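Engineer: Below are the sequence and a predicted model for it; my questions follow.
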Amino acid sequence: MIALALVAGASLNTADAAKKKQKDAKAQQEVVVPVELKSSSDSVSYAAGMMVTNGLIPYLTQQQGVDTAYMADFLRGFQEVVKADKTPQMKAYFAGMDIANQLNSRMIPNMVEEFTSSPDSIITSLLYRGFADALSNDTTHFTVTVADKYFKEKEAVDKKIKEERLYGPNRDAGRKFLAENAKKDSVITTASGLQYKVLVKGEGEVPQLDDKVQVHYEGRLIDGTVFDASRKHGDKPAEFMPTQVIKGWTEALTMMPVGSKWQLFIPYELAYGERNAGQIKPYSALIFDVELIGIDKPKTEEPAEPATPAKKPAKKTSKKK
């Protein structure tokens with residue numbers, strides 16, 4: 001009997017707790033009063049509120065990672081910010097939430113990626129602590145100025161070490177290829193380090209920097225991998241100014257007569273340098289076959305001819321009798 005009484009009491013307590021929880025949750029829900037649109041301004045304002053949600057759901061799900069099952073929570077947060085618009089304490093509170101979201105969604109992932117495969121790594125818990133200590137004026141380990149200088153120095157050193165580890169072999173392979181290639185009789189090396197080989201000798205005009213050129217080309221890595229070609233984009237030649245391309249191309253195009261076809265061997269310093277460009281890894285030497293089809297000269301306005309002054313009608317003279 002005592003056992004049954006205990007079980008019954010426990011059941012009643014559980015049921016009461018569940019009811020209380022439901023009651024509290026219901027009390028927290030804001031009563032939604034039906035809206036009445038009594039004037040044109042009412043309607044315009046209400047329509048404006050609905051209008052600005054256009055595209056919001058895809059933004060929340062794709063950019064903010066919000067699950068639409070929790071839209072009630074989103075609206076609760078929205079209403080809190082709206083109500084706190086004139087409260088300094090709540091403004092500061094929500095500003096902190098906004099900055100935390102920016103850190104978590106953009107800045108910290110970029111830092112983590114940057115330091116991946118380098119001697120150091122980003123530990124997010126310590127990053128958050130450093131953030132809080134800086135704003136609390138805790139200078140136990142660093143001042144903000146010293147921390148900024150220390151971080152940037154370590155960032156630069158770690159970047160060099162990371163690049164050497166990841167791309168040093170690629171740079172060395174390019175240098176070795178170009179050194180061997182320069183020994184060939186058909187290859188000409190310029191003062192900048194650009195190498196080229198004349199496949200077809202043109203007899204036309206040589207482009208100037210402000211000309212627009214028309215070229216067919218194919219670009220390859222030193223292992224023979226084709227990463228781009230003009231004919232992949234249609235039969236028409238590519239058009240651009242010599243100043244709009246990598247340095248190796250600029251130099252070559254301003255030496256090539258129209259009708260020429262050259263093979264270019266470009267060191268990474270005259271190509272994409274330390275940048276990663278799709279299939280082209282940092283520090284990559286490149287090979288291009290370039291055929292200069294024609295030149296489109298910039299149009300110059302001809303000076304307008306001076307207007308011919310209109311002839312004045314001759315005055316009639318009366319003869320004296």
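Structural biologist: Great, that's in hand. Numbering: from 1, shown residues only.

Engineer: all strands of the stretch 1-150 of the chain, in order?
Structural biologist: In order along the chain, the stretch 1-150 of the chain carries no strands (DSSP state E, counting those that start in this stretch).

Engineer: Now do the helices in it.
Structural biologist: Per DSSP state H, counting those that start in this stretch, the stretch 1-150 of the chain carries helices over the ranges 2-28, 40-51, 56-62, 71-83, 88-102, 108-115, 124-135, 144-181.

Engineer: which residues touch the closest residue to G193 other than its chain neighbours?
Structural biologist: The shortest distance from G193 to any non-neighbouring residue, by CB to CB, 6 or more residues apart in numbering, is to P267 (4.8 Å). The way it works is simple: take the backbone N, C-alpha and C, and place the C-beta from them, glycine included. Each residue near P267 by CB atoms under 8 Å, 6 or more residues apart in numbering is listed here: G174, R175, L178, G193, L194, G248, A285.

Engineer: T254 too?
Structural biologist: V206, P207, Q208, L209, P242.

Engineer: how far away is the third one from K297?
Structural biologist: Which is Q208. 9 Å (CB to CB, to the nearest Å).

Engineer: low pLDDT regions in the stretch 151-300 of the chain?
Structural biologist: 300 (pLDDT under 70).

Engineer: Strands of that one, residue ranges please.
Structural biologist: Going by DSSP E, counting those that start in this stretch, the stretch 151-300 of the chain shows strands at 188-189, 195-200, 212-221, 226-229, 238-240, 261-266, 286-296.

Engineer: could you dump the fourth one to CSV, C-alpha only?
Structural biologist: If I follow you right, that is strand 226-229. Taking C-alpha atoms only, strand 226-229 is exported to CSV below (Å, rounded to 0.1, in the frame of the first residue of the first chain):
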residue,chain,number,x,y,z
VAL,A,226,46.3,22.4,-70.2
PHE,A,227,44.5,24.8,-67.8
ASP,A,228,43.0,27.2,-70.4
ALA,A,229,42.6,27.8,-74.1
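
Engineer: List the buried residues in that strand.
Structural biologist: If you call a residue buried by 16 or more other CB atoms under 10 Å, then strand 226-229 has these buried ones: D228.

Engineer: List the strands paired with it, with their directions.
Structural biologist: strand 212-221 (antiparallel) (DSSP bridges).

Engineer: Which residues does the strand it pairs with contact?
Structural biologist: For strand 212-221, using CB under 8 Å, 6+ apart, the contacting residues are 207, 226-231, 237-242, 253, 279-280, 284, 286-298.
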